[in-house]
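1. Got a predicted structure here, sequence first:
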Amino acid sequence: MTQTLTIGKALNLGLRRAMEDDPKVVLMGEDIGRLGGVFRVTDGLQKDFGDDRVVDTPLAEAGILGTAVGLAMRGYRPVCEIQFDGFVFPAYNQIVTQVAKIHARSRGKLAMPIVIRIPFGGGIGAVEHHSESPEAYFAHTPGLKVVAVSNPVDAYWGIQQAIAHPDPIVFLEPKRRYWEKAEVDTGAPPGPLFASRVVRGGDDVTLLAYGPMVKTALQAAQAAADEGRSIEVVDLRSLSPLDLDPVFESVRRTGRCVVVHEAQVTLGLGAEIAARVSETCFHSLEAPVLRVGGYDTPYPPSKLEEEYLPDLDRVLDAVDRAMGF
């Protein structure tokens, strides 16, 4: 069955289907029950599944994740919503010292099938702690897997695949794209969760992005096409593990690579990707791997965020610099 869904609605239906399929799936978070969440992703789920499976928690992220650890040990599959990206840090200790390590600490006897949903990124005119991109902290943590969706199809299937997975997954949702629409075939078999995907073919430059920047990358590719340049866009989708074989294949053909993300450039995901591309594709590169990202400052007030976030002009400028070598 094909439906036109927003990312937010696709997540809602994906959560609903996961809860129908497995009574051990439990949702936890601040205002996710009666309110349906700040972005209404869990709208209607408490009414249909009850407040013992869709739990309105206190404003205590460390408590949410600590409770999830205990539930996971007892065979449940907790899905924890962090209301905004910047609110995850009170739970950071639980995530990196407990959630990420218990499977190894128990020598494989204890699984941690926990999904941590985090709306991330800027572009909604919000106040401090509501527009951050903390993905590198989690991708750097052994024992955690990190995925970032960019479209309704990946949102619908990805949340179900993450819930069914035996390992803990940080599931990043691009909050400014929650209302983007696409056709979703809810009966078609999904592709693999931890895989990158070429979303637009091209021959001159390989442009890599994930989450909210995929749309910006596609817009840049279209603008470049109008000027006679052919840009291949790859949606990375999985940040840990990284699936770079399609990237290497693309870069060996184009000879140029640009990585785009909202997070700060210094020590961001782009740095790791640039290193791996340079190591693997060195003899194919016609230009250095370039990075486009946020500036090395705290996220600015909302009136300045459009100057902070990578936009069409900054991406196209990097493409021009890559082509200039």
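-> Received it, and whenever you're ready, just let me know what you need. Numbering: from 1, shown residues only.

2. For Asp31, grab the count of nearby residues.
-> 15 (other Cβ atoms under 10 Å). To be clear about C-beta, it is placed using only N, CA and C from the backbone, and glycine gets the same treatment.

3. for it, what are its contacts?
-> Asp31 makes contacts with Gly37, Val38, Asp56, Gln83, as judged by Cβ atoms under 8 Å, 6 or more residues apart in numbering.

4. For the spatially closest residue to Pro174 that is not a sequence neighbour, give me its contacts.
-> Nearest non-adjacent residue to Pro174, counting by Cβ to Cβ, 6 or more residues apart in numbering: Pro212, 3.6 Å away. By Cβ under 8 Å, 6+ apart, the contact set of Pro212 is Gly121, Gly123, Ser150, Pro174, Lys175, Arg176, Arg177, Glu262.

5. remind me which residues of the stretch 201-325 of the chain are low pLDDT?
-> Filtered on pLDDT under 70, the stretch 201-325 of the chain yields no residues whatsoever.

6. show me where it has helices.
-> Ranges of helices within the stretch 201-325 of the chain are 213-225, 245-254, 269-281, 305-308, 312-324, based on DSSP state H, counting those that start in this stretch.

7. so where do the strands sit in the protein?
-> Applying DSSP state E to the chain gives strands spanning 2-6, 25-29, 54-56, 77-81, 115-120, 145-148, 169-174, 181-185, 197-200, 205-209, 231-235, 238-240, 257-264, 290-294.

8. Need the winner for burial among those.
-> strand 205-209 (a mean of 29; mean count of other Cβ atoms under 10 Å).

9. quick one: strands adjacent to that one?
-> strand 231-235 (parallel), strand 257-264 (parallel) (DSSP bridges).

10. could you give the angle of it to helix 213-225?
-> Relative orientation of strand 205-209 versus helix 213-225 (axes from the mean of the first three to the mean of the last three Cα atoms, to 10 degrees): 160 degrees.

11. Distance from the chain centre to the lengthiest helix in the chain, please.
-> In the chain, with assignment by DSSP state H, the single longest helix is helix 7-21. Taking the mean of its C-alpha atoms, helix 7-21 sits 17 Å from the chain's own mean (Cα atoms, centre = their mean, to the nearest Å).

12. Name the surrounding residues that touch it.
-> Here helix 7-21 makes contact (Cβ under 8 Å, 6+ apart) with 5, 25, 27, 39-45, 48-49, 53, 79, 149, 151-153, 155-160, 163-164, 173-174, 177-180, 184, 186.

13. any idea of the mean pLDDT in it?
-> Mean pLDDT, helix 7-21: 98.

14. angle of that helix against strand 2-6?
-> Per the same axes, to 10 degrees, the angle that helix 7-21 makes with strand 2-6 is 120 degrees.

15. Buried residues in helix 7-21, which are they?
-> 7-19 (16 or more other Cβ atoms under 10 Å).

16. on that earlier part again, now, of the contacts of Asp31, which are buried?
-> So, by 16+ other Cβ under 10 Å, the buried ones in these are Gly37, Val38, Gln83.

17. So how do I select the buried members of the contacts of helix 7-21 in ChimeraX?
-> Here is the ChimeraX selection string for the buried members of these, based on 16+ other Cβ under 10 Å:
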select :5,25,27,39,41,42,45,49,53,79,149,151,152,153,155,156,157,158,159,160,163,173,174,177,178,180,184
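
18. Mind pulling the model confidence for the closest residue to Gly29 other than its chain neighbours?
-> In space, Gly29 comes closest to Glu81 once its chain neighbours are excluded; the distance is 3.2 Å by Cβ to Cβ, 6+ apart. The per-residue pLDDT reported for Glu81 equals 98.

19. show me the contacts for Glu81.
-> Leu27, Met28, Gly29, Glu30, Ile32, Gly37, Val41, Thr42, Arg117.

20. what's the spacing between the third one and Val41?
-> With distances defined as Cβ to Cβ, to the nearest Å, the gap from Gly29 to Val41 amounts to 10 Å.

21. Are there residues contacting both of the two? Which ones?
-> Contact criterion Cβ under 8 Å, 6+ apart; residues shared by Gly29 and Val41: Glu81, Arg117.

22. and Glu128, what pLDDT?
-> Reported pLDDT at Glu128 in the predicted model: 87.

23. ok, and the closest non-adjacent residue to Asp56?
-> Leaving aside its sequence neighbours, Asp56 sits nearest to Gly33 (Cβ to Cβ, 6+ apart; 4.0 Å).

24. what's the neighbour count on that neighbour?
-> When neighbours are defined as other Cβ under 10 Å, Gly33 has 22 of them.

25. show me the contacts for it.
-> Gly33 makes contact with Thr42, Leu45, Gln46, Asp51, Val54, Val55, Asp56, according to Cβ under 8 Å, 6+ apart.
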